[in-house]
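Enquirer: Quick one: sequence and predicted model below, then my questions.
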Amino acid sequence: MGHTLLEMKKISIGFPGVKALEEVDFTAKTGSIHALIGANGAGKSTLMKVLAGAYDHYTGEISIAGREKSIRKPSEAQYAGIQIVYQEVDTALIPTLTVAENIMLQETVQEMGTKQWINWKSIHQKAESLLAKMNVELSTKRLVSTLTLAEKQMILIARAISTKCKFLILDEPTAPLSLRETKELFKIIKDLKNQGVGVIFISHRIPEIFELCDEITVMRNGRLVLHEKLAKLTSEFIVESMLGQKLEEQFPELNKAVGRSLLEVKGLTDKGKVKNASLQVRAGEVVGIAGLVGAGKTELCKALFGASSLKEGEVWLDGKQVQLKSPQIAVKHGIALIPEERRKEGILLNESILVNITSASLNRFTKARHFVDTKAEKRRATETIKSLGVKTPSAETSVHTLSGGNQQKVAIGKWLVVDADIYIFDEPTKGVDVGAKRDIFDLISELAKRGKGILYASAELPEIIGLTNRTYVLYDGRVVKELETSKTDEQEILFFSTGGR
């Protein structure tokens, strides 16, 4: 079976104050899995958005099988056989529709335009057959609003392959998935490759790139710096190509000066997932919350931030019992949450960096008669941008134009201005490259040295091992084990995460 070549030649694009891509040449072929990686802000997502028709103001040309294609809008990309599954799954799905309606969306819209009656039975059967092909067990009658992040991801992939695409772009597809779901996804991707689909795979997880991909393109600062077959490369060389420098030690040194108890939780139970959870965080300590996707890490974080209803349990802060009935009360008591779904819950996407960074602490910049001291606000925002290394032309830049890692830095930055006592990080490195990850690790280490208490919830076991003093393992909403991190390993944590006793 012959390969069809996709070529992007001399692609350049700019946004106000930023040259995002500079004369990038990119090639991919059908029947192959092509990794596309780079540090946050390197331009990889922008390049793929050009290919998917999301931007129309680029220069350069795109051709498939030697024929130049005009791709200036999503419909033209789809007509050319190109589909993209974005990292932000919620923006691409309609929550009030069923699984089947979302998967077969294009076909449903076509039928609505040409027929008086829609054959709903056929729509559901086709959706079922696509999910069966992917080994996904899910009722096609469920509303999308009731699904987990992982299930939503699978629906978007099912929708993409329903159109018989030639090239499928997957932007960080494994970020919300468990190990089992990731393995299932890899099987699906390999099947697509065998069926002659070209898969372009954007990921920050180097081990899965080696497991899955045939070739790799690395970008840095809006330019292409490497295109090679993966078999010829090492992970160290790839990371150094991404960063443009030698890789430093990945994790900072642990803070050993642990002080008094800042947070104590006894028998916490919410009205959903969390069951009888008890834990403690001391001053200067980074405490891991480990567990697989769906174990209840996010639900526990939200319960501690007052963002979910509690059924029973006690929360003690600095020796005093408190009732955390809302996030507002939690913030008053010095608790900050950096949530997993940053675009949905952590930042105001269409506002400026300045507005985002001061959003949780406006009272600090308010003068008499409730007027905001805009000079002080801008000064503090600029300081925070600089200290966190946010790549942006100015504090006035809209957050939606930033890369994932820079958005995450803004989500963290607003709580640094508040100067909380306890910081809860829920999957803070999801969709973040190795350079920005190291910045986040350094920041957490710095907070610990300043005597803050940190809860670090993550399914990334190397991060739990490298970053935390102690670890609580969650399984099915329960804390099943407390471990001293220096005396454990990934295998033991995984054993308890999967229900081992």
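Expert: Nice, I can see it.
Enquirer: I'd assumed residue 62 was in a strand, is it?
Expert: Yes: under DSSP: H, G, I helix; E, B strand; the rest coil, residue 62 sits within a strand.
Enquirer: Is it correct that it is in contact with residue 68?
Expert: Yes: Residue 62 is within contact range of residue 68, at 7.1 Å (criterion: CB atoms under 8 Å). Where C-beta positions appear, they are placed from N, C-alpha and C, glycine not excepted.
Enquirer: So which of those two has more stuff around it?
Expert: Set residue 62 next to residue 68 and count neighbours by other CB atoms under 10 Å: residue 62 wins out with 23 against 11.
Enquirer: Just the pLDDT at that one, thanks.
Expert: At residue 62, the pLDDT value in this model is 94.
Enquirer: how close does it sit to residue 213?
Expert: Taking CB to CB, to the nearest Å as the measure, residue 62 falls 22 Å from residue 213.
Enquirer: got it, and residue 454?
Expert: 34 Å.
Enquirer: same check, this time on residue 427
Expert: For residue 427 relative to residue 213 (CB to CB), the value is 24 Å.
Enquirer: How about residue 274?
Expert: 38 Å.
Enquirer: higher neighbour count, these two?
Expert: Ranked by neighbour count (other CB under 10 Å), residue 274 and residue 213 place residue 274 first, with 27 against 22.
Enquirer: Okay, and the more buried one sits in which element?
Expert: Assigned by DSSP states H and E, residue 274 belongs to no helix or strand.
Enquirer: Give the helix, strand or coil label for residue 416.
Expert: Going by three-state DSSP: residue 416 is helix.
Enquirer: residues in contact with it?
Expert: Residue 416 sits next to 384, 387, 388 when contact means CB atoms under 8 Å, 6 or more residues apart in numbering.
Enquirer: By neighbour count, which of those wins?
Expert: Of those, with other CB under 10 Å as the count, residue 384 tops at 23 neighbours.
Enquirer: End to end on stretch 52-60, go ahead and measure it.
Expert: 15 Å (CA to CA, to the nearest Å).
Enquirer: And for stretch 74-85?
Expert: Termini of stretch 74-85 sit 12 Å apart (CA to CA).
Enquirer: chain center to that stretch, what's the gap?
Expert: Stretch 74-85 sits 23 Å away from the centroid of its parent chain (CA atoms, centre = their mean, to the nearest Å).
Enquirer: swap in stretch 68-75?
Expert: Worked out by CA atoms, centre = their mean, stretch 68-75 lies 28 Å from the chain centre.
Enquirer: Looking only at it, what residues are buried by neighbour count?
Expert: Residues of stretch 68-75 classed as buried by neighbour count (16 or more other CB atoms under 10 Å): 69, 71.
Enquirer: do the same with stretch 124-139
Expert: For stretch 124-139, burial by neighbour count (16+ other CB under 10 Å) applies to 124, 126, 127, 128, 130, 131, 134, 136, 138.
Enquirer: same deal with stretch 154-170?
Expert: Of the residues in stretch 154-170, those buried (16+ other CB under 10 Å) are 154-162, 165-170.
Enquirer: Please apply the same query to stretch 300-313.
Expert: Quick answer for stretch 300-313 (16+ other CB under 10 Å): 300, 301, 302, 303, 304, 305, 306, 307, 308, 310, 313.
Enquirer: what does the average pLDDT come to for that stretch?
Expert: pLDDT averaged over stretch 300-313 gives 88.
Enquirer: For the stretch 101-250 of the chain, which segments are assigned as helices?
Expert: In the stretch 101-250 of the chain, the helices defined using DSSP state H, counting those that start in this stretch lie at 105-114, 120-133, 149-161, 179-194, 206-212, 235-243.
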